[in-house]
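Trainee: no sequence on hand, only this structure:
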């Protein structure tokens, strides 16, 4: 074995940083037309290519008032678009696409109360940097930070941490423009608390949110550890690792018998420390080559991988939270992700791994995370009123991925899984109503705010049973 191959193995511990989880560019086109309503609209597609459309017009408002004037007179369906990183067809429309790129940035900072007002089109990575400049930080971050704030919140995007809720739990107030152009305010202890509970995770079905008030915290440093361990041993230790670390997650490496683990612990500020080189993408490419070379012989593939992985060494890093929790990963993929009750997480993961390993073409790591949900009041939050484990499965964007839905979906549903709203699934209104205790309440408010169903495209019509579902 040559030195380059040994270098690959040496870097294998970096797999836990999310090998195979990409750093998307925003959906196509890279920048929408500059005018509020373009007479020659461009086509759009999401980052992975799983969803696309040709809208009649783009709306790119400069401020909330312009948006409120434009929505009532714009052809529907009215859909909002951010980074284009959702794999479900939340965005496609033959009507009007609303891009909030010009509604971006911090509006106000209250350090005494640890609150900030921020425009909805702000990218998460930009927000993290703006907060850092103020000596502040998000309470938690997802592992990809190119999404718009509105898109991340609308789909229930989360990070990891057994004591940390999803991002939307930090929303204390918001402003929303209805399809009729009415501007509404909602807050936890003030106006329209029901609207806040519905709009924290809304799939863009209630209107267009223009601004959020978020709870933040003073900036903080984390120490990260990344290591490889036999999967069965790590599964036994996972609940304890999640309990004793601010963040813990693992990535099962199919056909290897091993998993990569990542833990983060909050520490006193110090000098940043990083490994000399992170080879996430190189490692993923090698996993794919191993699949290509030995996919017909799974036992030989497993034996070879275990020999290579045995040489990997742990890695460590120290830095401010926003620099460690989110990373840049260019490999494109399609993804399905479900959230199951925490007590069923390990059992569900074992069944998912067994199901995937019946398909020799699988090579992407399987992501397993912990999220707090016991206090989550958002009506359509996948974590509503229950602590959860998240299991995410991926396939290369240029390979077949239908099995992520057809074969894994039944497994997740047996374990009472709720789908990530931005990830591939095939559930409809009847199934969703059984999974979400406040689904009927959301439907009632949605019909009140959008009686004609102008916010519903084909995908949302399936989820909600049409305008009057």
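Mentor: The structure has been received and is ready for your questions. Source: prediction; values computed, not measured. Numbering: from 1, shown residues only.
Trainee: alpha carbons only for contacts and neighbour counts from here, please
Mentor: OK.
Trainee: mind listing what's buried along the helix or strand containing residue 432?
Mentor: Element membership for residue 432, per DSSP states H and E: helix 429-435. Residues of helix 429-435 classed as buried by neighbour count (16 or more other CA atoms under 10 Å): 429, 432, 435.
Trainee: cool, stretch 66-75 as well?
Mentor: Applying a neighbour-count criterion of 16+ other CA under 10 Å, one finds 67, 68, 69, 70, 71, 72, 74, 75 buried in stretch 66-75.
Trainee: again with stretch 356-367
Mentor: Quick answer for stretch 356-367 (16+ other CA under 10 Å): 356, 360, 361, 362, 363, 364, 365, 366, 367.
Trainee: which stretches of the stretch 101-250 of the chain form helices?
Mentor: 124-133, 149-154, 193-199, 231-244 (DSSP state H, counting those that start in this stretch).
Trainee: return the most buried member of those helices.
Mentor: Of all those, helix 149-154 has the most neighbours on average by mean count of other CA atoms under 10 Å, namely a mean of 27.
Trainee: pLDDT on that one, on average?
Mentor: Summarised as a single mean, pLDDT over helix 149-154 is 98.
Trainee: which residues sit against it?
Mentor: Residues outside helix 149-154 that contact it (CA atoms under 8 Å, 6 or more residues apart in numbering): 81-83, 120-124, 167-168, 199-204, 209.
Trainee: re earlier: show me what the helix holding residue 432 is packed up against.
Mentor: Judged by 3 or more CA pairs under 8 Å, 6 or more residues apart in numbering; DSSP states H and E, helix 429-435 is in contact with helix 439-449, helix 458-464.
Trainee: other SSEs contacting the shortest one?
Mentor: I take that to be helix 458-464. So helix 458-464, by 3+ CA pairs under 8 Å, 6+ apart, packs with helix 429-435.
Trainee: ok, and the closest non-adjacent residue to residue 441?
Mentor: Closest residue to residue 441 apart from its sequence neighbours, by CA to CA, 6 or more residues apart in numbering: residue 379 at 7.8 Å.
Trainee: what's the offset of stretch 459-469 from the middle of its chain?
Mentor: Its chain's C-alpha centre and that of stretch 459-469 lie 23 Å apart, by CA atoms, centre = their mean, to the nearest Å.
Trainee: what residues of it count as buried?
Mentor: 459, 460, 461, 462, 463, 464, 466, 467, 469.
Trainee: least confident of those residues?
Mentor: At the low end of pLDDT for these is residue 469, which has 79.
Trainee: pull up the per-residue confidence for the closest residue to that residue other than its chain neighbours.
Mentor: Spatial nearest neighbour of residue 469, chain neighbours left out: residue 443 (7.3 Å); criterion: CA to CA, 6+ apart. Looking at residue 443, its pLDDT reads 97.
Trainee: mind checking how far residue 443 is from residue 458?
Mentor: 16 Å (CA to CA, to the nearest Å).
Trainee: quick check: the residue most central in space within the chain vs residue 67, distance?
Mentor: Centroid check for the chain by CA atoms, centre = their mean gives residue 157 as the closest residue, at 4.1 Å. From residue 157 across to residue 67, the span is 25 Å (CA to CA).
Trainee: tell me the SS of residue 412?
Mentor: Of the three states, residue 412 takes helix under DSSP: H, G, I helix; E, B strand; the rest coil.
Trainee: the residue nearest to residue 214 when sequence neighbours are not counted: neighbour count?
Mentor: Spatial nearest neighbour of residue 214, excluding adjacent residues (CA to CA, 6+ apart): residue 171 at 4.6 Å. Residue 171 has 22 neighbours, counted by other CA atoms under 10 Å.
Trainee: low-confidence ranges in the chain?
Mentor: Scanning the chain for pLDDT under 70 picks out 1-40, 276-279.
Trainee: same thing but 90
Mentor: 1-41, 188-191, 274-287, 306-313, 327-330, 466-469 (pLDDT under 90).
Trainee: domain boundaries for it, per the record?
Mentor: 3-21+221-419, 44-99, 106-218 (automatic domain parsing).
Trainee: pipe these into JSON lines and attach distance to residue 449 per row.
Mentor: Compiled in JSON lines, those are given as follows (distance: least, CA to CA, whole Å):
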{"stretch": "domain 3-21+221-419", "distance to residue 449": "16"}
{"stretch": "domain 44-99", "distance to residue 449": "13"}
{"stretch": "domain 106-218", "distance to residue 449": "6"}
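Trainee: mind checking which of these is nearest residue 425?
Mentor: Residue 425 sits nearest to domain 3-21+221-419 of all the domains of the chain, at 5.6 Å, using CA to CA.
Trainee: so how far is the closest one from its chain's centroid?
Mentor: 14 Å.
Trainee: pipe the buried residues of stretch 356-367 into TSV and attach secondary structure and distance to residue 238 per row.
Mentor: Below are the buried residues of stretch 356-367 laid out as TSV (DSSP: H, G, I helix; E, B strand; the rest coil; distance: CA to CA, whole Å):
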residue	secondary structure	distance to residue 238
356	helix	21
360	coil	27
361	coil	27
362	coil	23
363	coil	22
364	coil	20
365	coil	17
366	strand	15
367	strand	13
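Trainee: closest one to residue 99 out of these, please.
Mentor: For the buried residues of stretch 356-367, the residue nearest residue 99 by CA to CA is residue 367; the value is 30.5 Å.
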